[in-house]
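Chemist: Sequence and predicted structure, then a few things I'm wondering about:
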Amino acid sequence: MTAVSLLERLAKQAGEEAEARLALARAEALRITQEGDEQRALRRRTAVAQRAGELRATHDEACAMAALHTANATLTARARLLDRVFSAANEMVRQASSLELLRPAIARRLGMALDHVDVSRCRVTCGVLAREIVQRVATDRGVPSAGVTIDEAAPLGSIVQSDDGVAEIDATVAGALRQGAPELSVIALAMFAEPR
């Protein structure tokens with residue numbers, strides 16, 4: 001083997017070795033680049049998912065606040081409506097012109113109150129407007145005439161007390177309004193509710 005052929009063979013081997021190393025280096029560079037791309041894509045997906053979660057939380061909070069504000073406004077409007085309804089009812093009770101409409105209710109409430117006391121020993125107090133109705137019902141039920149007291153400051157209707165003062169039954173129209181307020185509120189709100 002001559003020196004020239006030896007040199008050619010060594011040069012050829014060196015070239016092949018260089019190409020193999022170059023191919024390895026390119027493959028390693030490609031692997032590193034792909035790995036970097038995957039890491040960047042993963043970081044990007046993670047950041048997008050985190051931001052989407054933050055936006056969802058902000059959206060949910062805004063929806064909850066809007067619902068709370070709407071519920072508060074609705075309750076406030078309903079409370080104002082009920083105030084107006086009950087103010088009008090109380091004003092009607094205070095007017096003498098409503099007495100004719102309320103006579104049956106006054107008599108019925110007094111009768112129910114008298115069912116719970118010893119009528120021969122109870123005291124019945126009423127205002128001037130309801131005097132005639134109260135005296136008639138009290139007399140019919142056996143309350144002595146001395147047991148009925150007229151008080152100009154008394155509300156429309158009557159108040160029944162046991163002789164020992166332990167029991168006091170509010171049989172006034174205003175008391176009926178207070179007592180029936182929950183049911184009356186439901187009825188009033190249903191009457192004035194917006195159709196859905």
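Modeler: In hand now; what should we look at? Numbering: from 1, shown residues only.
Chemist: The most centrally placed residue in the chain and M191: what is the separation?
Modeler: By C-alpha atoms, centre = their mean, the chain has its centre lying nearest to A71, at 6.2 Å. Distance of A71 to M191, given as C-beta to C-beta, to the nearest Å: 21 Å. The C-beta positions use only the backbone N, C-alpha and C, and glycine is treated the same way.
Chemist: low-confidence ranges in the chain?
Modeler: 1, 94-98, 193-196 (pLDDT under 70).
Chemist: now the strands for it?
Modeler: All strands of the chain, identified by DSSP state E, fall at 123-126, 148-150, 157-161, 168-172.
Chemist: For the ones you listed, give me CSV that also has distance to A181 and mean neighbour count.
Modeler: Output for the strands of the chain, formatted as CSV (distance: least, C-beta to C-beta, whole Å; neighbours: other C-beta atoms under 10 Å):
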stretch, distance to A181, mean neighbour count
strand 123-126, 22, 23
strand 148-150, 28, 16
strand 157-161, 16, 25
strand 168-172, 13, 20
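Chemist: and of those, who's closest to L55?
Modeler: Of all those, strand 168-172 sits nearest to L55, with 58.2 Å by C-beta to C-beta.
Chemist: by how many degrees do the closest one and strand 157-161 diverge?
Modeler: Strand 168-172 and strand 157-161 meet at an angle of 170 degrees, taking axes from the mean of the first three to the mean of the last three C-alpha atoms, to 10 degrees as the criterion.
Chemist: Is L184 in contact with A190, as I believe?
Modeler: No. Look at L184 against A190 with C-beta atoms under 8 Å: they stay out of range, at 10.7 Å.
Chemist: Look at these two and report which has more neighbours.
Modeler: Taking neighbours as other C-beta atoms under 10 Å, L184 and A190 compare with L184 leading, 17 against 8.
Chemist: Compute the distance between the more buried one and F192, please.
Modeler: 12 Å.
Chemist: ok, longest helix in the protein?
Modeler: helix 3-94 (DSSP state H).
Chemist: So which elements touch that helix?
Modeler: Helices and strands touching helix 3-94, by 3 or more C-beta pairs under 8 Å, 6 or more residues apart in numbering; DSSP states H and E, are helix 173-179, helix 181-192.
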